[in-house]
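>>> Take a look and give me a structure for this.
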Amino acid sequence: MIEAEFYDQMAEGPASSNAYWMQTEDNVRVRVGAYGCEGESKGTILLMLGRFGYVERYGRVAKAFARHGFATAVIDWRSQGLSDRIADDPLAGHIDSFSDYQKDVQALIEAADSLDLPKPYFLIGVSMGACIGLRAMFNGLLVVSAAFISPMWGIRMTTAQRIAAWPLSWAFKQFGIGQKYVPGESGAIYVLETPFEENNLTHNNAMYDYWVDQAKKAPQLQIGGPTMAWLYSALSECRSLSKMPSPDTPCITFCGELDQLVDNSSIKRRMAVWPNGEFSMIRNAKHDVLTETSEVGGDVIGQISDFFTKHGATAKPAE
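Below is the predicted model:
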């Protein structure tokens, strides 16, 4: 494994941390980050981030989990962070098919295994990462328990938007122009273009400033809006997943009452039929519940750590 560029001071993660290049089966170079834990290890969290995610973005979150005894492995999805950009426009949030993300998941697992990160493995999926993570679980991802934050199991849209989104995104992809931005989107960096008072991610001013600082210092980590191909693939994947029964793996899920990005009704339907599943709707919380203020979100990291500790002590995945 070859060490990759890693902005450790900007990440503000655990003292023991690094990043590595991995090659996927379809020859895409992706970057995997590994954050160490403190004290006796309870296992490793496979952290699957959303559409804006990159290794350093949740450095503070990884540090919080490290204090609870968990190492963290996180990946820059293709077209994000320092991983290879797939679209001609490097700022476009683009994917040809959501199944391609599963090749990135495999690279993440191979990296964790090669680095001999402590087992058992746990999954945290944030927004789009929860969509990718759920598919990975259906594909046999070996984790003893999972936590989902504002999972993108449906995209929040008006009825009119949804009626238009399917045929338009399909047509753009069919006619070879799927790399065009979704109407109203562009290559603008959200946290640089949106004042804190107007953001739809968090009430946590310090966390938002942290992301803005990262975007200013390392713009190469950022992406803009999604493409039409991404939209069609995302809608198709959400619909496909909705038809599949929930896994037996213990799961805890959080979403924000004020979320403007994902469809909370889809989350409620999924969690209502998840065996060993726990669900919490956080009142007055925005999309990124994991980084909300304690006054709004409480101690979500502590709750997840307790949940993982409980199930990690009583179950191990098959080898």
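>>> Now do the strands in the stretch 101-250 of the chain.
Counting by DSSP state E, counting those that start in this stretch, the stretch 101-250 of the chain has these strands, from start to end: 121-126, 146-149.
>>> For residue 170, give me its contacts.
Going by C-beta atoms under 8 Å, 6 or more residues apart in numbering, residue 170 touches residue 232. Placement of C-beta: from N, CA and C, glycine included.
>>> And the pLDDT for residue 1?
On the pLDDT scale, residue 1 is placed at 82.
>>> how far away is it from residue 82?
As judged by C-beta to C-beta, to the nearest Å, residue 1 and residue 82 stand 15 Å apart.
>>> And those two? Which one has more around it.
Between residue 1 and residue 82, counted using other C-beta atoms under 10 Å, the more crowded position is residue 82 (22 against 12).
>>> Pull the contacting residues for that one.
4, 5, 31, 54, 55, 76, 220, 221 are the contacts of residue 82 under C-beta under 8 Å, 6+ apart.
>>> ok, it to residue 5 distance?
Distance of residue 82 to residue 5, computed by C-beta to C-beta: 6 Å.
>>> And residue 161, by the same measure?
For residue 161 relative to residue 5 (C-beta to C-beta), the value is 38 Å.
>>> swap in residue 86?
Distance, residue 86 to residue 5, using C-beta to C-beta: 20 Å.
>>> now residue 63
Residue 63 sits 20 Å away from residue 5, going by C-beta to C-beta.
>>> Between the two ends of stretch 277-296, how far is it?
22 Å (C-alpha to C-alpha, to the nearest Å).
>>> Give me the more crowded residue out of residue 63 and residue 5.
residue 63 (20 against 12).
>>> And the average pLDDT for the host helix or strand of the more buried one is what?
Under the criterion of DSSP states H and E, residue 63 resides in helix 59-67. Mean per-residue pLDDT for helix 59-67: 97.
>>> With stretch 225-237 instead?
pLDDT averaged over stretch 225-237 gives 97.
>>> what's in contact with it?
Identification of contacts with stretch 225-237 by C-beta under 8 Å, 6+ apart yields 51, 87, 92-98, 128, 131, 135, 152, 155, 165-166, 168-170, 172-173, 177-182, 184-188.
>>> Thank you, goodbye.
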